[in-house]
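Q: No sequence on hand, only this structure:
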Ligand code: SF4
Ligand code: SF4
């Protein structure tokens, strides 16, 4: 792997040996880190520190993606996600979407900035003829430039909105993902306002997903990392309901450098589980501070 990998502060768990174990149920979902850490913007809250010059995790080759799709099909995978960085920067982006859609539903996580009329038309055409569902998730961190641009970069709000409108004009209704980068962003009134906002952009079936902050990567520098007392929940067994909902209990992330536990721990060397999917379908213990956000999201730590 790259010598420039960042190392997450693993020692922040008081006792890594007591980290709770997560059984592996089945490989329902495979994520592809399609463009590694290469992105067309450099958000201040990016938990995997992506950007235009961030090449520490390289793009996957088309051959790697196709080989992984073959292996995933043999292992019974049911759905696929393309993420990055910005996956639309991949030179074979559309061809790889077709390849994934030939064998299962595909969701693409994008910042929307590269979606112009031609890209929206191509997405709509693919959506119309794909055998499986094709979904786009566009990141937007506010209903105004004043809310969004301080974290995503100057001018990004207008670009993202243009991308969403282009998709809407071609009959597509992407879901919007909003990171809770400021207090109060996901209270129920704000959620309702965001849905109205999405509808006003022309989305026929507005969907808005709020994401809690992951306090690693650039976000750790923007605000702060995890406090010691927040990690007590990773020193005791987990409720089975919590485990069932963890990404790492039923999926893996494939990168150009190997297979990782999940899309969150891209920069944690010890979250790399193997070179092929087949090597990685085993239990893991949650010894990374970022696991706190997964475990506690929507649920309290058991005492
Ligand atoms: S948060 Fe997404 S859009 Fe922003 S820099 Fe990271 S990968 Fe790129
Ligand atoms: S951050 Fe931890 S709990 Fe969350 S999906 Fe990854 S390994 Fe699982």
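A: Perfect, I can see it now. Computed from a predicted model, the values in this text were never measured in an experiment. Numbers count the residues shown, from 1 in each chain. Ligands and ions are numbered 1, 2, ... in the order given.
Q: Looks like residue 166 contacts residue 119 (just checking).
A: Yes: shown here, residue 166 and residue 119 form a contact pair, counting by CB atoms under 8 Å, at 7.3 Å. All C-beta atoms are positioned from the backbone trio N, CA, C, and that covers glycine.
Q: Is stretch 236-244 in proximity to ligand 2?
A: No: interface with ligand 2: stretch 236-244 contributes nothing (CB under 6 Å from any ligand atom), its closest point being 9.2 Å away.
Q: For the closest residue to ligand 1 within the stretch 51-200 of the chain, report the pLDDT, please.
A: Using CB to the nearest ligand atom, the single residue of the stretch 51-200 of the chain nearest to ligand 1 is residue 111, 3.8 Å away. Per-residue pLDDT puts residue 111 at 98.
Q: That one and residue 161 touch, don't they?
A: No: in this structure, residue 111 is not within contact of residue 161 by CB under 8 Å, at 11.9 Å.
Q: of the two, who's got more company?
A: Set side by side, residue 111 and residue 161 show more neighbours around residue 111, with 28 against 18, by other CB atoms under 10 Å.
Q: any chance you could map the helices in this structure?
A: 62-74, 93-101, 117-129, 145-152, 156-169, 188-200, 218-222, 240-245, 291-296 (DSSP state H).
Q: ranking those helices by burial, who's on top?
A: Ranked by mean neighbour count, those are led by helix 291-296 with a mean of 21 (mean count of other CB atoms under 10 Å).
Q: how about that one against ligand 2, any contact?
A: Yes: counting by CB under 6 Å from any ligand atom, contacts between helix 291-296 and ligand 2 involve 291, 294.
Q: can you list the weak-confidence ranges in the stretch 201-303 of the chain?
A: 298-303 (pLDDT under 70).
Q: And the strands in it?
A: For the stretch 201-303 of the chain, the strands defined by DSSP state E, counting those that start in this stretch cover 207-211, 251-255, 258-260, 272-274, 284-285.
Q: which one of those lies closest to residue 295?
A: Of all the strands of the stretch 201-303 of the chain, it is strand 284-285 that lies closest to residue 295, at 12.3 Å by CB to CB.
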